[in-house]
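*Asks:* Got a predicted structure plus its sequence, pasted below:
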Amino acid sequence: MSDGWGNAGPDGWYDKEETRRRRAGYIAWALVSVAVVGAVGFALVMNAWPLRQNTAGLPSPAPREQAAAARHSAAPPPQQNTAGLHSTAPSPSESAEQVTTAFLRAWSSGAVAAAASLTDAPAAAQAALAAYRQDLYLRQLTGTVVSGTTASAAGGAAAATLETVTFSLRATVAASAAANAESGTWSYQSALTVYQVAGGTGWLIKWNPAVLAPNLAVGQHLATILVPPNGTSVTDSAGNPLSSYSDPGLSNIANLLAGHVPTVAGTPGLSVQIEDSAGQAVPGSQAVIIPPGANRVATTISPQAERAARNAVAAAGGSAIVVLQPSTGSILAIANNAQFNDFALTARVAPGSVMKIITATALINSGLTSEGSPVACPQTYTVQGVTYSNDKGEFEPPGTPFSYDFAQSCNNAFSEWWGQLNGQLASTAQTYYGLDQPWNIGLPGVPVPYFNAPAGVSGSELAEEAFGEGQLTASPLAMASVAATVDSGQFRQPVLVPGTGTVSASPLPASTDEQLKDMMRDVVTEGTAESIGFGPGVYAKTGTADVQGQDQPNSWMVAFDPDQDVAIAALVLNAGYGAQVAGPEVKTFFDGY
C-alpha cells in the first residue's frame with residue numbers, strides 16, 4: 001500500500017524485482033544513514049507536508065475515510081526484516097540511539113517506507129506510519145531523542161539485551177485537510193525498543209503500534225476531533241472572566257448573566273484520541289490540543305479601567321465606583337469595597353452636592369441665572385419654618401458669581417431658588433439626563449431606575465432637594481452618567497452588555513453645557529477639589545450628604561476627563577466630606593488610568 005513516498009507496484013505491494021532493488025537500496029541507505037545521523041538530541045523536522053501529493057506512477061494518499069476502509073481490508077502477510085542498520089557506535093545504547101535518530105529523521109521527513117525499513121515488521125510499520133499522517137492530517141513533525149536505557153531480555157530474534165529509547169514528538173495536526181482547518185501542536189513522549197539482529201551487526205526497532213503514541217494497540221488508530229464549545233463565561237471586553245477581579249459586585253453580575261444568551265460564540269477545540277476499528281473513541285484516550293473557547297457574554301468592562309477602579313476603592317471600606325465612557329455610555333468599571341454589597345449599582349442614597357449639577361442646569365436653562373450672574377449665599381435660609389445652614393457657617397456675599405457659589409458648594413445659593421424650581425428638578429433630570437426612569441443596562445429582570453426625584457414636591461422639600469438631600473435617592477451609576485452627559489453634551493444611557501436597548505434624552509443646550517463645564521472646572525481650580533491636585537484636564541464636583549443616624553456624612557465625587565473619554569462617580573458611605581475621601585479615590589483612579 002503506497003504512502004505517497006514509497007515505490008509500490010500498481011497493486012500496492014512490492015514485486016520480486018522491486019524487492020531486490022529495495023534490498024540493495026536499504027544497504028546503501030543504511031550506510032549513508034550512519035554517516036549523516038546526528039548526535040543524540042538532534043531534532044528532526046518535516047516542514048509543511050502537502051496533505052495530498054502525487055508523483056508520477058504513485059497514487060495519492062487516501063483521505064481519512066479511505067484510510068479507514070484500507071485498515072479494515074485483508075491484512076498483508078507478515079513481513080519480517082532481519083537486516084537492520086549497521087552501526088559503528090562504540091556501545092549498544094549509542095547504537096540504539098543512532099537507529100532511533102535515523103527512524104525519526106525518516107519519519108519526520110515523510111519517508112515512511114525508509115522509517116519502516118528500520119523495524120522488524122516493515123509492512124505493518126509503514127501502514128501505521130502512513131495512517132498516522134492521514135488520520136491526523138499531519139502538517140509538520142519534529143522528533144528528538146530524549147534518553148536511552150537498557151533492559152534485560154531473552155529469546156526470539158533479540159540479542160541478550162534490549163535497548164529502550166525515549167523520544168519526544170511535536171506533531172502539528174489539523175481537523176481536516178482544508179487549509180483553514182483548526183490546527184495545533186501535539187507534544188508528547190513515546191518510546192521504542194531496539195535490539196541487535198542475532199548473529200549480525202545490524203540493529204532493528206521492535207515494532208509496536210505504541211511507538212506512534214503511548215497506549216496505541218493493534219486494531220486501533222489515532223484521530224483528530226473538533227470539540228464544540230460548552231458552557232457560558234461572563235467576561236470583560238477583553239475576554240477575562242469577571243470573577244477574576246474578585247469584586248463582589250462583578251461576581252454578582254457574572255452570576256446573573258451566566259444564563260444570558262451569549263453575545264460572542266465560542267471557538268471549537270481540537271483533540272487527538274485513540275479510536276477502535278469501528279471508529280469509537282477509547283475512553284480516557286483524549287489529548288487536548290486546543291481547549292474549546294466557551295461561549296461568552298461579553299460585557300463592556302474595561303480591564304484597564306477596572307484595575308484602576310479596584311485600586312481606588314481599596315482606600316476605604318464602603319467605597320463604590322462606576323466609570324463610564326461618555327461617547328458611548330459603556331460601563332467601563334464597577335468596583336466595590338463593601339463586602340458582598342454592590343453599592344455601585346444598588347445604593348439608594350441622597351446624592352448630596354453632586355445634585356447641584358442638575359439644579360444648575362435647571363436654573364441656567366430657565367434663564368434664572370448664569371455662571372457669571374451674582375448670587376448671594378446667606379449663612380442661613382428659612383423655608384416654611386425650616387432653616388437651612390451652610391456647612392461650617394460659610395456664606396458668600398451679594399455679588400458673588402454663581403460659578404463661585406458652585407465651586408465652593410455653598411448650599412443656600414441653591415435652596416433660595418425653591419419658589420422658581422417647582423417641578424423643574426425632576427423634569428430636568430429626566431429630559432436632559434435620562435434619569436428618574438427605568439434603565440435596562442443588560443442585566444436580567446425588569447429594568448430599574450437608578451435615580452429617583454419624587455414628583456410634585458414643593459416648599460421646604462424642594463429647597464432641600466436643590467442641594468441634593470431630602471427625598472432624592474441616587475446610585476453611583478446614575479451620578480456617573482450625569483458627569484458623562486456634561487462631558488459629551490448628550491445623555492447616552494449606561495450599558496453593561498452591548499446591544500441592550502436604551503432610553504434617550506434631549507441634548508443639553510450648548511450654552512448650558514459650556515457653562516456647566518466652566519463651573520466644574522472651577523471646582524478643581526478654586527473650589528472644594530482644589531487641594532486634591534487634579535491635572536488640567538479634569539472637571540469635577542464634590543458632594544457631601546448628611547444622613548440621620550450616621551456618624552459621618554456620605555462622601556461623593558463625580559468627575560470627567562474629556563481627553564480620556566471617561567467619567568466617574570465615587571461614593572464612600574459614612575466617611576466624611578467629598579473632598580476628603582471620595583475625591584482622593586477619584587484621583588487615584590485617574591492616576592492609575
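*Replies:* It's in.

*Asks:* which stretch of helix or strand covers the residue most central in space within the chain?
*Replies:* The centre of the chain sits closest to residue 239, judged by C-alpha atoms, centre = their mean, with a distance of 2.4 Å. Assigned by DSSP states H and E, residue 239 falls within no helix or strand.

*Asks:* Once you drop chain neighbours, what's closest to it?
*Replies:* Excluding the flanking residues, the one nearest residue 239 by C-beta to C-beta, 6 or more residues apart in numbering is residue 296, at 6.8 Å. To be clear about C-beta, it is placed using only N, CA and C from the backbone, and glycine gets the same treatment.

*Asks:* that's a strand at that neighbour, yeah?
*Replies:* Yes - Residue 296 forms part of a strand when assessed by DSSP: H, G, I helix; E, B strand; the rest coil.

*Asks:* any idea how far residue 266 is from it?
*Replies:* Taking C-beta to C-beta, to the nearest Å as the measure, residue 296 falls 7 Å from residue 266.

*Asks:* Repeat that for residue 281.
*Replies:* Residue 281 is 22 Å from residue 266, where distance means C-beta to C-beta.

*Asks:* Which one of the two is surrounded by more residues?
*Replies:* Ranked by neighbour count (other C-beta atoms under 10 Å), residue 281 and residue 266 place residue 266 first, with 17 against 14.

*Asks:* any idea of the pLDDT on residue 266?
*Replies:* We have a pLDDT of 80 for residue 266.

*Asks:* phi, psi of it?
*Replies:* phi -70, psi 160 (degrees, to the nearest 10).

*Asks:* Could you pull up the residues touching it?
*Replies:* Neighbour list for residue 266: 229, 230, 292, 293, 294, 295, 296 [criterion: C-beta atoms under 8 Å, 6 or more residues apart in numbering].

*Asks:* Now render those residues as a markdown table, adding pLDDT.
*Replies:* Output for the contacts of residue 266, formatted as a markdown table (pLDDT from 0 to 100):
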| residue | pLDDT |
| --- | --- |
| 229 | 85 |
| 230 | 80 |
| 292 | 91 |
| 293 | 83 |
| 294 | 80 |
| 295 | 84 |
| 296 | 87 |
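
*Asks:* Format those residues as a markdown table; extra columns: neighbour count.
*Replies:* What follows is these, written out as a markdown table (neighbours: other C-beta atoms under 10 Å):
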| residue | neighbour count |
| --- | --- |
| 229 | 18 |
| 230 | 10 |
| 292 | 18 |
| 293 | 15 |
| 294 | 20 |
| 295 | 18 |
| 296 | 19 |
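
*Asks:* Tell me how many other residues crowd residue 283.
*Replies:* 8.

*Asks:* and residue 418, what does it touch?
*Replies:* By C-beta under 8 Å, 6+ apart, the residues touching residue 418 are 383, 458, 459, 460, 462, 463, 466.

*Asks:* among these, which ones are buried?
*Replies:* 383, 460, 462, 463, 466 (16 or more other C-beta atoms under 10 Å).

*Asks:* The fourth one - that's part of a helix, no?
*Replies:* If I follow you right, that is residue 463. Yes - per three-state DSSP, residue 463 lies within a helix segment.

*Asks:* what residues are up against it?
*Replies:* 381, 383, 386, 388, 415, 416, 418.

*Asks:* For residue 420, which non-adjacent residue is spatially closest?
*Replies:* Going by C-beta to C-beta, 6+ apart, residue 420 has residue 368 as its nearest residue, at 5.7 Å.

*Asks:* and the one you found, how many neighbours?
*Replies:* Look at residue 368: counted by other C-beta under 10 Å, it has 15 neighbours.

*Asks:* Residue 485 versus that one, what's the distance?
*Replies:* 21 Å.

*Asks:* and if you look at residue 544?
*Replies:* 22 Å.

*Asks:* before we move on, which element is the nearest residue to residue 385 once chain neighbours are set aside in?
*Replies:* With sequence-adjacent residues excluded and distances taken as C-beta to C-beta, 6+ apart, residue 385 is closest to residue 460, at 7.5 Å. For residue 460, the host element (DSSP H and E) is helix 459-465.

*Asks:* now swap in residue 506 and tell me
*Replies:* Using DSSP H and E, residue 506 sits in no helix or strand.

*Asks:* wait, what's in contact with it?
*Replies:* 431, 432, 491.

*Asks:* hmm, which helix or strand of the chain has the shakiest average pLDDT?
*Replies:* helix 16-36 (a mean of 32; mean pLDDT, DSSP states H and E).

*Asks:* got the contact list for residue 263?
*Replies:* 296, 297, 298, 497, 498, 499.

*Asks:* Quickly list what the first one is bridged to.
*Replies:* With DSSP bridges as the criterion, the beta-bridge partners of residue 296 are residue 233, residue 264.

*Asks:* how close does it get to residue 260?
*Replies:* Taken as C-beta to C-beta, the span from residue 296 to residue 260 is 10 Å.

*Asks:* Overlap in contacts, these two.
*Replies:* 232, 234.

*Asks:* Domain boundaries for this structure, per the record?
*Replies:* 16-216, 232-297, 303-592 (automatic domain parsing).

*Asks:* Reformat these as TSV; add distance to residue 223.
*Replies:* Converted to TSV, those look like this (distance: least, C-beta to C-beta, whole Å):
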stretch	distance to residue 223
domain 16-216	5
domain 232-297	5
domain 303-592	38
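
*Asks:* Could you look over these and pick the most buried one?
*Replies:* Most buried of those by mean neighbour count (mean count of other C-beta atoms under 10 Å) is domain 303-592; its value is a mean of 21.

*Asks:* so how far does it reach from one end to the other?
*Replies:* 12 Å (C-alpha to C-alpha, to the nearest Å).

*Asks:* cool, stretch 487-501 as well?
*Replies:* 22 Å.

*Asks:* State the mean pLDDT of it.
*Replies:* 95.

*Asks:* what's the pLDDT at the residue of the chain most remote from its centre?
*Replies:* Distance from the C-alpha centroid of the chain, by C-alpha atoms, centre = their mean, peaks at residue 199 (62.6 Å). Looking at residue 199, its pLDDT reads 70.

*Asks:* how close does it get to residue 88?
*Replies:* According to C-beta to C-beta, residue 199 and residue 88 sit 18 Å apart.

*Asks:* Rebuild the contacts of residue 266 as CSV, extending it with distance to residue 571.
*Replies:* Putting those into CSV (distance: C-beta to C-beta, whole Å) gives the following:
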residue, distance to residue 571
229, 39
230, 39
292, 41
293, 37
294, 34
295, 34
296, 30
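
*Asks:* any weak-confidence spans in the chain?
*Replies:* 1-82, 150-160, 200 (pLDDT under 70).

*Asks:* where along the stretch 201-350 of the chain do the strands fall?
*Replies:* 202-206, 221-227, 232-235, 269-275, 287-290, 295-298, 319-324, 331-337 (DSSP state E, counting those that start in this stretch).

*Asks:* can you give me the angle the second one makes with strand 269-275?
*Replies:* It stands for strand 221-227. 150 degrees (axes from the mean of the first three to the mean of the last three C-alpha atoms, to 10 degrees).

*Asks:* For strand 221-227, enumerate its sheet partners and note whether each is parallel or antiparallel.
*Replies:* Strands that pair with strand 221-227, judged by DSSP bridges, come out as strand 269-275 (antiparallel).

*Asks:* Check which element follows the helix or strand that residue 357 is a member of along the chain.
*Replies:* Per DSSP H and E: residue 357 is located in helix 356-365. Under the assignment DSSP H and E, the closest C-terminal helix or strand after helix 356-365 is strand 380-383.

*Asks:* Going along the chain from that following strand, find the next helix or strand for me.
*Replies:* Next helix or strand after strand 380-383 toward the C-terminus (DSSP H and E): strand 386-389.

*Asks:* Many thanks, we can stop here.
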